[in-house]
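> sharing a model prediction with you, sequence too.
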Amino acid sequence: MPQKLRVAASSDGVLPEDMLLQILVRLPAKMICLFRAVCRSWRFLLSDPLFVAAHKSHHSGPLIATCSRLYGRGTIDILDLSGSVVKRIATSMAAPRLVRTCRLDLICVTGSNHFATCHVINPATGDTFALPIHRAKEHAHVEHFFPVSFDFGQVGSTGEYKAIRCVSFDNSNSQSDLLLCEVITLDDGRHARWRGKQGPPAPIARRRDKSVVVNGVAHFLLEFRCPTFSGDHVEPGSMALFNLETEEWMGILKGPMPVRSFVEDSNGRSSYFSLDMELSLVCLDGFLVMAHDPEYGPWDLWFLMDIEKCLWNKSHLCIRIAKIL
């Protein structure tokens with residue numbers, strides 16, 4: 001704490017000056033605002049730029065990771081909330097894409113080649129770990145192997161970081177192909193290997209914004225334009241759930257009722273294809289959120305409040321903004 005920053009004389013005899021300052025800089029900003037009403041001298045102290053700077057150093061805000069391309073090479077920028085670059089990490093990927101996560105100590109990026117290349121990066125140290133490309137030994141007999149979806153998250157009970165990928169038997173766009181599933185535990189270090197698991201219960205969507213990990217469960221939007229592997233109908237907005245801790249599928253979760261009851265317009269203005277393109281999944285404040293971004297109109301944000309009752313709460317954004325998800 002700078003020597004020129006001094007506490008009001010009214011604190012004498014209560015706590016040593018240095019100790020009091022060390023306590024104040026560690027208090028939440030909301031409490032500091034309340035303390036400014038104690039007296040005039042405290043208001044001057046807590047408004048002093050030196051104190052504000054010291055308090056900020058003890059309460060750094062969340063950092064944001066972004067991917068970009070600089071001089072023909074992929075880079076990952078770690079930004080603070082003011083937009084300043086805190087750290088820049090170079091990668092071997094020409095066009096890295098960030099796997100969306102919420103408040104994790106590690107970040108994961110994939111290449112543009114359909115999730116075949118994935119790197120996990122420690123933003124604090126810059127250390128990079130490339131996930132193995134080779135398939136799990138349980139799937140060594142599969143002749144064609146093509147990753148179609150990928151996600152990354154943390155197991156809350158153990159703190160382990162795991163990645164999951166769903167793979168197809170071939171490189172076709174046929175949604176009738178059976179899918180396989182593989183999981184890897186990153187805490188196994190350089191010896192980490194993919195482990196073969198049972199495939200999802202229905203065909204999953206094959207785009208990057210169609211899955212997210214929330215509270216240790218990976219949620220994958222299903223392809224509702226085609227039936228399940230067993231021939232059952234899939235309602236729009238349905239998701240397949242995978243538990244990262246038990247490494248088992250948890251069944252299918254239905255989406256919000258307005259999305260599930262979507263009806264294709266006879267004149268073609270609204271189609272299942274457009275709805276499929278407009279839906280995405282994201283984690284906000286620990287909640288699973290389904291975002292509906294129609295071509296015209298505000299975003300609809302559906303927060304999952306109760307998974308047992310399939311209860312969703314709707315919010316929306318009235319201002320059109322650029323897509324960053």
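Perfect, I can see it now.

> was I right about Phe242 contacting Ala218?
Yes: counting by CB atoms under 8 Å, a contact exists between Phe242 and Ala218, whose distance comes to 4.3 Å. Every C-beta, even on glycine, is put in place using the N, C-alpha and C of the backbone.

> common neighbours of the two, please.
Shared contacts of Phe242 and Ala218 (CB atoms under 8 Å, 6 or more residues apart in numbering): Ile164.

> for the nearest residue in space to Leu27 that is not next to it in sequence, what are its contacts?
In space, and not counting its chain neighbours, Leu27 is closest to Phe35: 7.6 Å by CB to CB, 6 or more residues apart in numbering. With contact taken as CB under 8 Å, 6+ apart, Phe35 is in contact with 24, 27, 42, 46.

> assign the second one to helix, strand or coil.
Secondary structure of Leu27, reduced to three states by DSSP: H, G, I helix; E, B strand; the rest coil: coil.

> and it, what are its phi and psi?
Taking degrees, to the nearest 10, you get phi -80, psi 150 for the backbone angles of Leu27.

> report how many residues lie close to Val120.
Val120 is surrounded by 20 other residues when neighbours are defined as other CB atoms under 10 Å.

> cool, His58 as well?
For His58, the number of neighbouring residues by other CB under 10 Å comes to 11.

> how far away is it from Arg43?
Here the distance between His58 and Arg43 works out to 20 Å (CB to CB, to the nearest Å).

> kindly report the same for Leu180.
When CB to CB is applied, the distance between Leu180 and Arg43 equals 64 Å.

> in a strand, Pro258, correct?
No: the secondary structure assignment for Pro258 gives helix rather than a strand, going by three-state DSSP.

> am I right that Pro88 is in contact with Gly74?
Just so we're on the same page, residue 88 is Arg rather than Pro. No: applying CB under 8 Å as the test, Arg88 and Gly74 come out as separate, 11.2 Å apart.

> more neighbours, these two?
When Arg88 and Gly74 are compared for neighbours, Gly74 comes out ahead with 21 against 13, by other CB under 10 Å.

> and the more buried one, what pLDDT?
With respect to pLDDT, Gly74 scores 78.

> is it fair to say it lies in a strand?
Yes: secondary structure of Gly74 (three-state DSSP): part of a strand.

> so who does it touch?
Shown here is Gly74, whose contacts under the criterion CB under 8 Å, 6+ apart are 67-68, 90-96, 109.

> okay, and the beta partners of it?
Gly74 has the following beta-bridge partners by DSSP bridges: Arg69.

> and Leu180 and Arg43? Which one has more around it.
Each of Leu180 and Arg43 has its neighbours counted (other CB under 10 Å); Leu180 has more, 23 against 14.

> partner residues bridging that one?
On DSSP bridges, the residues paired with Leu180 through beta bridges are Val167.

> can you pull out the strands in the stretch 101-250 of the chain?
If you assign secondary structure with DSSP state E, counting those that start in this stretch, the strands in the stretch 101-250 of the chain sit at 107-110, 118-121, 128-130, 146-154, 161-168, 179-185, 195-197, 211-214, 217-221, 239-243, 248-253.

> tell me the helices and strands packed up against the last one.
When you say that, I think you mean strand 248-253. strand 239-243 (3 or more CB pairs under 8 Å, 6 or more residues apart in numbering; DSSP states H and E).
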